[in-house]
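Colleague: fold the following, please.
(chains A, B and C)
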Amino acid sequence: MHLPRKLLRGDAVIGVILLALALWYGLEAQGFRPGRAGDPGAGMFPTLLALLLGGLALWLIVSALIAPPGAEETDPERRARQRAIALAGFIRAAIAAALSVAFVALFETLGYIIATGLYAAAISLLFRRDNLLITLLAAAGAVGFLHLLFSVFLNARLPMGLLG
Amino acid sequence: MQGIRSLSILGAGLMAGALVLAGPAQAEYPDPNREVRHIMPWGAGGGTDTVMRGFVEHLQKHLGTSIYTDNVTGGVGSVGWMTLKGAPPDGYTIGTVTYDILTVEHQNMAPVSWEDFEIIGMVTEHATALVVRAEDFETLDDFIAAAQDNPGGLTVSNASTGGVWHQHAVAMEQEIGLELNHVPYESAAPQVTSLLGGETMAAVISLPPVMEYVRSGEMRVLAVMADERVEMVADVPTFTELGHDVVYGSFRFIAAPPETPMEIVEVLEQAMYDTFQDPEFLAWAEQGGIGERWLDREASIAYMETIGPVIGQLMVDLGLTD
Amino acid sequence: MLAELPDAITLFMGDLRLIGFVCLGVVLGVFVGAVPGLTATLAIALLLPFTFGMPALEAVVLMTGIFVGGIYGGSATAIMVRVPGAPANTMTMLDGYEMLKQGKPEVALGLATAASVFGGLVGGILLILFAPQLARFSLKFQSPEIFALVVLALVAVAAVSQQSLVKGLIATVIGLMISTVGIDLAGVPRYTFEMFRLYTGVPLIPLVIGLFALAEVLRRLEEPHSRPKQVAWVSFRRIFAFVPVWRQVGWKLPLKSSLIGAVIGALPGAGAAMAAFLAYAEAKRSSPHPEKFGTGIPEGIVAPEASNNAMTGGAFIPMLAFGIPGDAVTAVILGALVIQGIVPGPQLFSQAGDLVLPLMVGFIFAYLVLMIVGLVMLPWFARVAVIDHAVLFPIIAAVAVVAAYVSERSVFAMATMVAIGIGAWLMQRLHFSLVPVLLGVILGPLLERNFRRALGISGGDPAILVSSWIAVILLLTAAFMAFYFAWVQPRQQRRHEAQAAKARGEAENTGGGA
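Modeller: Residues are numbered from 1 along each chain as shown, chains lettered A, B, ... in the order given. Purely as a prediction, here's the structure:
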């Protein structure tokens, strides 16, 4: 059940980041206009949340520091291989995240047909690159499904962009 | 192709009457093959959306081309109005403008004002009303007496602090010289349940949400903030009649983007006028109790010029802006 | 009102168009509900213009069908791809997806279908029998009572974050913090960074899509690509595979969950997600083996699905009785009613024969249709598992982003969705679960507004929060359940584990001695 030791040290770092978040959030709340009559005001709930988050962050840090070290892979070769797999996965997901940002930026310029086609194809390639048919299927599936769903079925208008 | 097009324009023109009046110079607007986008700054299925969708449904017959409603929501309506402000001024984009644009303007939420737009005409107006449980108060004077006995203790609901009914409640409070406890809710519906359930003593609200309870005798309208009596509740006095100068209401306009050519504005205005003569529309409006009221472009602008500064001052008094 | 019931049934059954519209609505609803980011609300709103020309009853019955199908449809996606179709299906995802991983998608889907129909029917029957009484009762829920109810619902956080309580609580607080963005009850803009688009807060639909759909696609990309697990091709003969499992669960849990759902539905503004949270927490509390929740047990599917469907029946009550919608969907249906010239209110029940009773009959009929539609579609839903991830997830990602656009008609909503999706993916990598974030976002505004409003009414006297017996009972229940989840249950679990370890040790010892 014990999480690996490295992660627990990681938890301490997260705790510190959360502590900073709580501090900023709480300080911001002090500037809100106070309430009238019996209303405790706009800052009350955020201040409470900031205190709560601060306390929880401390709890996380302390439990990360006092937790017993977990079992770690001892064989250096296997550890290296595990790390490589994890890193490759992280990179794939990070590329997909960047693609999503690009999709949003280009959605109206390109129009939904071109944008979704390219986006779905790119995400599909991140999953596997050995079969072009699969990639095309993903792109066509995404465009076809969206078109059917929004334009035909629900009569919602989507930007056409270059094709408009 | 050209022949078919002009034929259908002729057909649309005959149907609407507007184009016939406007003469051949305007034969190009509206092109019956081009749809008009109606920007709706409030969510689909809400009160304003339902009423205005229904209105443009009838309007399109008289305009001679189809109109579709596009819900561009968020930011207390400002996202939709910013979109309308930036839309091409060619008559193929129009939008609904509601009371809240005054709130947005005076609270500096977004750089948009009703003056940015070419107002086409008013569609609805609701006088604001003071509503209580029938068992609690008989007349406005009873209410005033109770409020004076218990300064700051009498609870009056509104649908969001700084919103339309809060503004009007404060205006009433100041004019009469009372001190009330304003309780904000999320919309009109919870205002009604809180009054029924006894959590609040009164509601400052428009009439449609409470009419059922007024008819059944559970609630009573003490007075309306209109310049003359409201047909729906003809036996209820206005505040003015009772000696208090409190005249407020909420409204919905149709507007076009800034710098829309006057010829196009006139075509749209004529189509709106014709819609208000259409018995089919009037029957629908009455059935739904939408509070329809027609004011043409000139009268609408005059209306806004009167109410705009008043609301601005009210917001300052409320402490909601500086 | 009951005397007119046979007439209403005859009227309904004699009209093929009405039956047709119910079926159409249900199929449409299931389909739309199953797409992440598309909810019944959006579908009804988009179809609203088409209903203007229709007779009132037909229009309303069509929408009821979409409502019913939509709530159910979201559970299929929750089970099959670990993306809830709507917030109300989030709890179903926890055990449903685990059951899929055990290779039993047809059981999970069958349980969800049966629980949905059961819950819906209970809700519908309560609606017909007790609508006026429930309506009167719901008026007792004013600000202090709703505040107490939300406090009780927050206990569900502890029920879903057994893995690491502190991380579950942190995730909830982050959700609550997200919910404070926007203009507050007193007109004060908070955390809006001067962006007018944020004045109405972080939009819910893009948030849910980002939190679950996009984050899930990113998470899948991290795993090395593998052929879809060898899930058997589910044949039509397997559609009743859930029946023995349902028998094992019994009738008490679905009944209890349905009652919770119907009551929550009758309260204005609480909504389907809250019904599911509460039913899940109560199912776990009363279970003899609470530690198994989240590992793919049938109770974890039955409780939330029965509850959120029973809520649909309940949600009609405040709408018909006061013209006050119980949730977003009934709000849209209400708009359609008004446009049709029907004004809900107390008098609607007295002239119930014309519209209300046929509507209620239509509602119950919609659930019977759902049972058939659900079972017929079950094998097809189950077969989603055999689609290659390289085809399935790109489509989910594309639909998710575009659905975010459609929900608000703005690129800003898409950008919000992507930002939240990336944040959620990172949180998940750090072993924070995402369900408590949604819980916080949904319950946050209810919690804060009702608390502040109550104090505003009392002039700052906190005694108002315990001024009614309903509020007191709810708060005491919340305290009891929090104590149970935080103290009693972990101890029981540790004792179980210790006993199991000891038994294993003894077995080893004796084995070694022999």
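Colleague: for chain A, give me its nearest residue in chain C.
Modeller: C:Gly460 (3.2 Å; Cβ to the nearest Cβ). The C-beta positions use only the backbone N, C-alpha and C, and glycine is treated the same way.
Colleague: quick check, that residue in a strand?
Modeller: No: counting by DSSP: H, G, I helix; E, B strand; the rest coil, C:Gly460 is not part of a strand but coil.
Colleague: that one and A:Arg36 touch, don't they?
Modeller: No: the criterion here is Cβ atoms under 8 Å, and C:Gly460 misses it with A:Arg36 at 10.4 Å.
Colleague: the residue of chain C closest to chain A - how many residues pack around it?
Modeller: Neighbours of C:Gly460 under the rule other Cβ atoms under 10 Å in any protein chain shown: 13.
Colleague: list phi and psi for it.
Modeller: Main-chain dihedrals, C:Gly460, degrees, to the nearest 10: phi 100, psi 0.
Colleague: report whether the helix or strand containing C:Ser257 contacts chain B.
Modeller: Assigned by DSSP states H and E, C:Ser257 belongs to helix C:252-266. No: counting by Cβ under 8 Å from any Cβ of the partner chain, chain B has no neighbours in helix C:252-266; the shortest distance is 11.6 Å.
Colleague: can you give me how far that helix is from the chain middle?
Modeller: 12 Å (Cα atoms, centre = their mean, to the nearest Å).
Colleague: tell me which helix or strand comes right after it.
Modeller: helix C:272-285.
Colleague: how distant is the next helix or strand after that next one from the center of its chain?
Modeller: Toward the C-terminus, helix C:272-285 is succeeded by helix C:299-322 as the next helix or strand (DSSP H and E). Averaging C-alpha positions (Cα atoms, centre = their mean) puts helix C:299-322 9 Å from its chain's average.
Colleague: the closest residue to chain B within the stretch 1-150 of chain C: helix or strand, and which one exactly?
Modeller: Distance from chain B to each residue of the stretch 1-150 of chain C (Cβ to the nearest Cβ) is smallest for C:Ala45, at 3.2 Å. Using DSSP H and E, C:Ala45 sits in helix C:40-51.
Colleague: so what touches that helix?
Modeller: A:154-156, B:43-45, B:49-50, B:53, B:57, B:69, B:71, C:28-29, C:32-33, C:59, C:62-63, C:66-67, C:69-71, C:86, C:205, C:328-329, C:331-333, C:335-336, C:406-407 (Cβ atoms under 8 Å, 6 or more residues apart in numbering or on different chains).
Colleague: just the buried subset of those residues, please.
Modeller: Buried members of the contacts of helix C:40-51, counted by 16 or more other Cβ atoms under 10 Å in any protein chain shown: A:154, A:156, B:43-45, B:49-50, B:53, B:57, B:69, B:71, C:28-29, C:32-33, C:59, C:62-63, C:66-67, C:69-71, C:86, C:205, C:328-329, C:331-333, C:335-336, C:406-407.
Colleague: which residue ranges of the stretch 1-150 of chain B form strands?
Modeller: Taking DSSP state E, counting those that start in this stretch as the test, the strands found in the stretch 1-150 of chain B are B:36-40, B:67-71, B:93-98, B:118-133.
Colleague: redo these as JSON lines? Include distance to C:Tyr199 and mean pLDDT.
Modeller: As requested, those are exported to JSON lines (distance: least, Cβ to Cβ, whole Å; pLDDT from 0 to 100):
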{"stretch": "strand B:36-40", "distance to C:Tyr199": "17", "mean pLDDT": "91"}
{"stretch": "strand B:67-71", "distance to C:Tyr199": "17", "mean pLDDT": "83"}
{"stretch": "strand B:93-98", "distance to C:Tyr199": "15", "mean pLDDT": "95"}
{"stretch": "strand B:118-133", "distance to C:Tyr199": "23", "mean pLDDT": "94"}
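Colleague: of all the ones you listed, which lies closest to C:Ile174?
Modeller: C:Ile174 lies closest, by Cβ to Cβ, to one member of those: strand B:67-71, at 29.3 Å.
Colleague: and that closest one with strand B:93-98, angle?
Modeller: With axes from the mean of the first three to the mean of the last three Cα atoms, to 10 degrees defining the directions, strand B:67-71 sits at 60 degrees from strand B:93-98.
Colleague: so B:Phe117 touches B:Pro258, yeah?
Modeller: Yes: using Cβ under 8 Å, B:Phe117 is in contact with B:Pro258, at 6.4 Å.
Colleague: just the C-alphas of whichever helix or strand A:Leu118 is part of, formatted as PDB.
Modeller: Following DSSP H and E, one finds A:Leu118 within helix A:112-127. Taking C-alpha atoms only, helix A:112-127 is exported to PDB below (Å, rounded to 0.1, in the frame of the first residue of the first chain):
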ATOM      1  CA  TYR A 112     -14.200  22.800 -37.700                       C
ATOM      2  CA  ILE A 113     -13.900  20.300 -40.600                       C
ATOM      3  CA  ILE A 114     -10.200  20.900 -41.300                       C
ATOM      4  CA  ALA A 115      -9.300  21.500 -37.600                       C
ATOM      5  CA  THR A 116     -11.000  18.400 -36.200                       C
ATOM      6  CA  GLY A 117      -9.700  16.200 -39.000                       C
ATOM      7  CA  LEU A 118      -6.100  17.300 -38.400                       C
ATOM      8  CA  TYR A 119      -6.400  17.100 -34.600                       C
ATOM      9  CA  ALA A 120      -8.000  13.600 -34.600                       C
ATOM     10  CA  ALA A 121      -5.300  12.400 -37.000                       C
ATOM     11  CA  ALA A 122      -2.500  13.800 -34.900                       C
ATOM     12  CA  ILE A 123      -3.900  12.300 -31.700                       C
ATOM     13  CA  SER A 124      -4.300   9.000 -33.400                       C
ATOM     14  CA  LEU A 125      -0.700   9.100 -34.600                       C
ATOM     15  CA  LEU A 126       0.400   9.600 -31.000                       C
ATOM     16  CA  PHE A 127      -1.400   6.300 -30.100                       C
END
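Colleague: what's it packed up against?
Modeller: Using 3 or more Cβ pairs under 8 Å, 6 or more residues apart in numbering or on different chains; DSSP states H and E as the contact test, the elements touching helix A:112-127 are helix A:76-110, helix A:132-146, helix C:215-222, helix C:389-408.
Colleague: what sits up against the shortest one?
Modeller: By that I understand helix C:215-222. A:86, A:89-90, A:92-93, A:96-97, A:123, A:126-127, C:81-83, C:389, C:393, C:396-397, C:400, C:421-422, C:424-425, C:428-429, C:434.
Colleague: the residue sitting nearest the centre point of chain A and chain C, how far apart?
Modeller: Geometric centre of chain A, nearest residue: A:Ala97, 7.9 Å, by Cα atoms, centre = their mean. Distance, A:Ala97 to chain C, by Cβ to the nearest Cβ, to the nearest Å: 5 Å.
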